[in-house]
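*Asks:* dropping the sequence and predicted coords here.
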Amino acid sequence: MLIKVFDYIQCGEGVVDRISELPDEIIYIILSFLKVRAAAATSLLSHRWLGLWKHTYHLRFNDTSRSCNIKTEHASWDAETCKNVKLVNSVLKSHQSPFLNLFMIHFYINKSAQSIVAKWLEFVWSRQVKSLDLDLCCVSENNAVVLGDSLGEMKPMKYLQTLYFTNIKVSGEDIALFLKNCPILRKLDITDSSLTSDAHVSGTALMLEDLRISRCNIRESVINIDSALNLSIVVVDAKPEQLWFNNVPRLALANLRIASPRYRMQHFLSAVSCFTSQLQKLLLYLTYPKKLLRKGFPQMPNLKVLIIRESSAYEHGCLLPITSVISACPRLQRFSIVFLENVKYATPGVERCPHQQLNTASFRGSCATNIIKSVTYFSDSCDAFQKTNTCAPLMSKAEVRAHMDHLKQLQVELSDQVLLEFFKFKKRIR
């Protein structure tokens, strides 16, 4: 339920302002839920509210009026005239609270504003910040801010628990510096950025529980995760011989994005060998699925959830080879395969095979044996249907209806074991 913060109560002879009677500490919390501009505007309400916004515990600066895309990047962008930059500079000069639950920057900045970002980080070093979130929305690597050039004299951040970097150039040295200076850091998330040198996440004293380095340009950089004793979640891009794990006894969830055509089963085995016995949930994003989804998949005795996202459309018979992967996980209770279809728009007058519209097929069971039975039955039933009902990329409406009815019948027949989801295509606007 939404509560109107600035509410007035009709009481006897007039209007009573109950909100203004609250202690300052409560008002600080209330203001923390507002955007910075809205919080600052409360100073106009009355003398009681004057300057209270300067003590808010959340500083969120995000440009919701425009998306972070390539169109934002242009040679005429100037930090001196950027309204977002001006707002941040103005607020930081006035803000007084020594505590911050969140400091967030989500708008376009490029390397021409390197010194400005450095000043903002100096402000962060001077506060007791729990969460730091920087998305500088610069998708051009050549124009992106270099984090290391903005850190300056970084001070220990004893209260920082979560750290997010997006669309920034980050080095292994930067990562090491934050791990060293943030003793209770629980989550480190680096997304859509450039990793410019080897990253070593190691140390028995690390409190880090959640590590994410995904959709990043890592080139030849190596990611080495060693003796991270509290690490339980990892989401990372995997390249041949560029991802290594050692001594991660609590790792229970791994999400690996494998896009290299050179990635083979031996690379996968060497990367995950130290935690296959303890893993409970595995997500694989595969650009070339046939190179990994075959015999030789490592034994994962405690795996309960396996989700595979592959960059292709459903192919008849494609599920049967995966049964060897499922059999390597005897305690598996859920197996899902997601087909990442590239065609998002429907072509007028063209009917597509429902199998080509299959987005997700999820199978559930008490163990791997039950799931394999469901997968095999589903695959065999589809193959048998194809023998009497031709499946082609382009089909008549009647043929499409027949195929869809068959899939719906399978869904009903296996309602407790199988869940099917289909793409929702948009109509192309001309």
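*Replies:* Looks like it came in fine. If you're wondering where the values come from, they're calculated on a predicted model, not measured in any experiment.

*Asks:* how about residues contacting stretch 252-266?
*Replies:* 214-215, 232-240, 243, 268, 271-272, 275, 278-288, 291-292, 294, 296-297 (C-beta atoms under 8 Å, 6 or more residues apart in numbering). From N, CA and C alone the C-beta is placed, and that goes for glycine too.

*Asks:* could you pull up the mean pLDDT of that stretch?
*Replies:* Averaged across stretch 252-266, pLDDT comes to 94.

*Asks:* what's the span of that stretch, first residue to last?
*Replies:* 21 Å (C-alpha to C-alpha, to the nearest Å).

*Asks:* show me what counts as buried in it.
*Replies:* For stretch 252-266, the buried set under the neighbour-count rule, 16 or more other C-beta atoms under 10 Å, comprises Ala252, Ala254, Asn255, Leu256, Arg257, Ile258, Tyr263.

*Asks:* hang on, isn't Leu229 packed against Asn247?
*Replies:* Yes. Using C-beta atoms under 8 Å, Leu229 is in contact with Asn247, at 7.3 Å.

*Asks:* inside helices: which ones of the contacts of stretch 252-266?
*Replies:* Phe268, Ala271, Val272 (DSSP state H).

*Asks:* tell me which helix or strand Ile337 sits in.
*Replies:* strand 334-339 (DSSP states H and E).

*Asks:* same for that strand, what does it pack against?
*Replies:* The contact analysis (3 or more C-beta pairs under 8 Å, 6 or more residues apart in numbering; DSSP states H and E) places strand 334-339 against strand 305-310, strand 358-364, helix 368-388.

*Asks:* how about those, which one is nearest Ile116?
*Replies:* For those, the distance to Ile116 is smallest for strand 305-310, at 38.3 Å, taking C-beta to C-beta.

*Asks:* from Leu87, how far off is Val325?
*Replies:* 51 Å (C-beta to C-beta, to the nearest Å).

*Asks:* who has more neighbours out of the two?
*Replies:* Per other C-beta atoms under 10 Å, whichever of Val325 and Leu87 has more neighbours is Val325, with 22 against 16.

*Asks:* what sits against the nearest residue to Ile322 once chain neighbours are set aside?
*Replies:* Spatial nearest neighbour of Ile322, excluding adjacent residues (C-beta to C-beta, 6 or more residues apart in numbering): Leu293 at 5.2 Å. Residues in contact with Leu293 (C-beta under 8 Å, 6+ apart) are Leu286, Ile308, Pro321, Ile322, Val325.

*Asks:* save the helices and strands packed on strand 334-339 as JSON lines, and put in mean neighbour count too.
*Replies:* Output for the helices and strands packed on strand 334-339, formatted as JSON lines (neighbours: other C-beta atoms under 10 Å):
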{"stretch": "strand 305-310", "mean neighbour count": "19"}
{"stretch": "strand 358-364", "mean neighbour count": "19"}
{"stretch": "helix 368-388", "mean neighbour count": "16"}
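
*Asks:* wait, which of the ones you listed is closest to Phe422?
*Replies:* strand 358-364 (5.6 Å).

*Asks:* contacts for that closest one?
*Replies:* Residues outside strand 358-364 that contact it (C-beta under 8 Å, 6+ apart): 313-314, 319, 333-339, 341, 371, 374-375, 378, 407, 416-423.

*Asks:* quick one: that strand to strand 334-339, angle?
*Replies:* Here the directions of strand 358-364 and strand 334-339 differ by 170 degrees (axes from the mean of the first three to the mean of the last three C-alpha atoms, to 10 degrees).

*Asks:* list the contacts of Trp53.
*Replies:* Trp53 touches Leu31, Val36, Ala39, Ala40, Thr42, Ser43, counting by C-beta under 8 Å, 6+ apart.

*Asks:* now the buried members of those.
*Replies:* Buried subset of these (neighbour count, 16+ other C-beta under 10 Å): Leu31, Val36, Ala39, Ala40, Thr42.
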